[in-house]
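> Sequence and predicted structure, then a few things I'm wondering about:
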Amino acid sequence: MKCPFCGHLGDKVVDSRESKEGEVIRRRRECLDCGRRFTSYERIDEIPYMVIKKDGTRERFERQKLVAGLLKACEKRPVSIAAIESVAENASDSVVAPLFYYVVGGVPAALAYRAINTLDAMIGYRGETEWLGKAAARLDDAANFIPARLTALLLAVASGAGGGSPARALALWLRDARKTESPNAGRPMAAMAGALGVELSKRGAYVLGAGLRAPAAADVRRAVRIFAVAVALAAAAALAVC
């Protein structure tokens with residue numbers, strides 16, 4: 001720091017202490033040329049977070065804009081629908097399928113399934129590199145063919161746990177399972193829609209349980225109860241076979 005007496009740029013700090021609740025640091029300095037001492041006050045200036053937009057322009061981060069964007073996205077894709085679909089799909093991918101392959105081929109088969117499922121999640125997408133993920137996606141479709149249908153059956157059987165109708169779950173599974181692009185995802189999702197008596201849809205893609213009421217937050221809790229019973233049934237069946 002420049003000495004205010006002789007203008008020399010070299011100095012050493014002989015004392016430092018915080019003041020004003022840590023917002024300012026007071027330093028006592030000694031000039032290396034003339035030896036005289038002087039005091040400096042240092043304040044930390046907060047640099048605002050900046051958002052880089054798609055066109056390369058920058059603007060200051062505003063929390064309210066982020067919250068508004070998330071709420072807008074939720075309007076286009078209701079959270080209750082997404083949550084219920086996630087519960088139904090994960091019943092198959094995360095529980096029933098690994099248990100099925102464990103029963104069929106032990107730990108190696110279960111690990112192989114999880115590897116296939118993870119690979120599909122990582123690279124099984126459309127776009128410029130579709131060729132890279134197509135093999136993984138097709139392998140995942142084949143691996144989930146039986147587990148997805150077993151999951152749909154288990155969800156239908158367990159639908160009473162959520163106050164649902166097993167008959168309606170089975171009927172909706174058979175009617176709407178093929179409406180999704182995936183040959184497997186529609187099975188547990190359609191069964192869950194029937195079990196809950198709600199319509200699950202994705203704009204421009206599919207409608208499961210058309211004509212039924214829209215799901216509410218309480219239906220997510222019902223779906224979790226059905227999931228829990230279905231998983232318990234799957235585990236009991238696996239233990240019985242093993």
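In hand now; what should we look at? Every value quoted in this text rests on a predicted model; they were computed, and no experiment measured them.
> So for stretch 183-196, mean pLDDT?
What stretch 183-196 shows for mean pLDDT is 96.
> same thing with stretch 159-177?
The average pLDDT within stretch 159-177 is 95.
> May I see the buried residues of that stretch?
Residues of stretch 159-177 classed as buried by neighbour count (16 or more other Cβ atoms under 10 Å): 159, 161-162, 164-166, 168-170, 172-173, 176-177. Heads up, the C-betas are built off the backbone N, CA and C, glycines and all.
> The residues you listed into a markdown table, with extra columns for secondary structure and distance to Ala235?
Listed next are the buried residues of stretch 159-177 as a markdown table, based on DSSP: H, G, I helix; E, B strand; the rest coil; distance: Cβ to Cβ, whole Å:
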| residue | secondary structure | distance to Ala235 |
| --- | --- | --- |
| Ser159 | helix | 18 |
| Ala161 | helix | 15 |
| Gly162 | helix | 18 |
| Gly164 | coil | 21 |
| Ser165 | coil | 24 |
| Pro166 | helix | 20 |
| Arg168 | helix | 25 |
| Ala169 | helix | 20 |
| Leu170 | helix | 22 |
| Leu172 | helix | 25 |
| Trp173 | helix | 22 |
| Asp176 | helix | 27 |
| Ala177 | helix | 24 |
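> how about JSON lines for those, with distance to Ile47 added?
Converted to JSON lines, the buried residues of stretch 159-177 look like this (distance: Cβ to Cβ, whole Å):
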{"residue": "Ser159", "distance to Ile47": "55"}
{"residue": "Ala161", "distance to Ile47": "53"}
{"residue": "Gly162", "distance to Ile47": "51"}
{"residue": "Gly164", "distance to Ile47": "54"}
{"residue": "Ser165", "distance to Ile47": "58"}
{"residue": "Pro166", "distance to Ile47": "60"}
{"residue": "Arg168", "distance to Ile47": "58"}
{"residue": "Ala169", "distance to Ile47": "55"}
{"residue": "Leu170", "distance to Ile47": "60"}
{"residue": "Leu172", "distance to Ile47": "55"}
{"residue": "Trp173", "distance to Ile47": "55"}
{"residue": "Asp176", "distance to Ile47": "53"}
{"residue": "Ala177", "distance to Ile47": "54"}
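> Ala234: how many residues sit nearby?
Neighbour count of Ala234, defined by other Cβ atoms under 10 Å: 24.
> Low-confidence ranges, the protein, go.
The chain contains residues with pLDDT under 70 at 20-22, 71, 73-79, 124-133.
> Tell me which stretches of it form helices.
63-76, 79-90, 97-123, 130-143, 145-158, 166-176, 186-196, 217-241 (DSSP state H).
> Return the residues in contact with the closest residue to Ser182 other than its chain neighbours.
Of all residues not flanking Ser182 in the chain, Asp141 sits nearest, at 7.3 Å (Cβ to Cβ, 6 or more residues apart in numbering). Taking Cβ atoms under 8 Å, 6 or more residues apart in numbering, we find Asp141 in contact with 182-184.
> quick one on the thing from earlier: now, which of the buried residues of stretch 159-177 sits nearest Arg43?
Gly162 (58.8 Å; Cβ to Cβ).
> List the buried residues in stretch 106-117.
When neighbours are counted by 16+ other Cβ under 10 Å, the buried residues of stretch 106-117 are found to be 109-110, 113-114, 116-117.
> re the thing from before, would you tell me which one of the buried residues of stretch 159-177 comes nearest to Cys31?
When the buried residues of stretch 159-177 are compared against Cys31 (criterion: Cβ to Cβ), the nearest one is Gly162, at 78.3 Å.
> For Phe5, state which of the contacts of Asp141 is nearest.
Ser182 (77.8 Å).
> Backbone dihedrals for that closest one, both of them.
Note on Ser182: its backbone torsions stand at phi -70, psi 140 [degrees, to the nearest 10].
> Domain-wise, how is the chain divided?
Here the domain parsing of the chain from automatic domain parsing is 11-43, 78-241.
> Many thanks, I have nothing further to ask.
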